[in-house]
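J.: Sequence and predicted structure are below.
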Amino acid sequence: MPAIEIGRICVKTSGREKGRKCVIVDVVDDNFAVVTGPESVTGVRRRRSNIGHVQATEEILDVKKGATDEEVVKAAEKAKKTSFLKAK
């Protein structure tokens, strides 16, 4: 299973955003990470998420810790992963 790290693209496995992809922008501790869709791309709002509620994929974006939604969108476009993020 891929590691939970900054820039990792994950799939939400529970909650109202279940099945949508998100990007980890910060790791809070062993149980929580800050994720964002960003909302304009996938519909996932920036929020703290339980690591048990996301499933990591093999894909990684080149973003810094605490990256803004705009920086995540630019990194996704640069890596040609925007359509991967939008796909359910």
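T.: Perfect, thanks for sending it. Residues are numbered from 1 along each chain as shown.
J.: can we go C-alpha only for contacts and neighbour counts from here?
T.: Fine.
J.: Buried residues in the longest helix along the chain, which are they?
T.: In the chain, taking DSSP state H as the definition, the longest helix is helix 69-78. Buried positions in helix 69-78, judged by neighbour count with 16 or more other C-alpha atoms under 10 Å: 69, 72, 73, 75, 76.
J.: hang on, the fourth one packs against residue 60?
T.: I take that to be residue 75. No: using C-alpha atoms under 8 Å, residue 75 is not in contact with residue 60, being 9.9 Å away.
J.: Give me the next element, helix or strand, following the helix or strand residue 25 falls within.
T.: Using DSSP states H and E, residue 25 maps to strand 21-27. Going down the chain from strand 21-27, the next helix or strand is strand 32-36, by DSSP H and E.
J.: Next, the angle from that following strand to helix 69-78.
T.: Using axes from the mean of the first three to the mean of the last three C-alpha atoms, to 10 degrees, the inter-axis angle of strand 32-36 relative to helix 69-78 is 70 degrees.
J.: what does strand 32-36 contact?
T.: 22-28, 44-51, 69 (C-alpha atoms under 8 Å, 6 or more residues apart in numbering).
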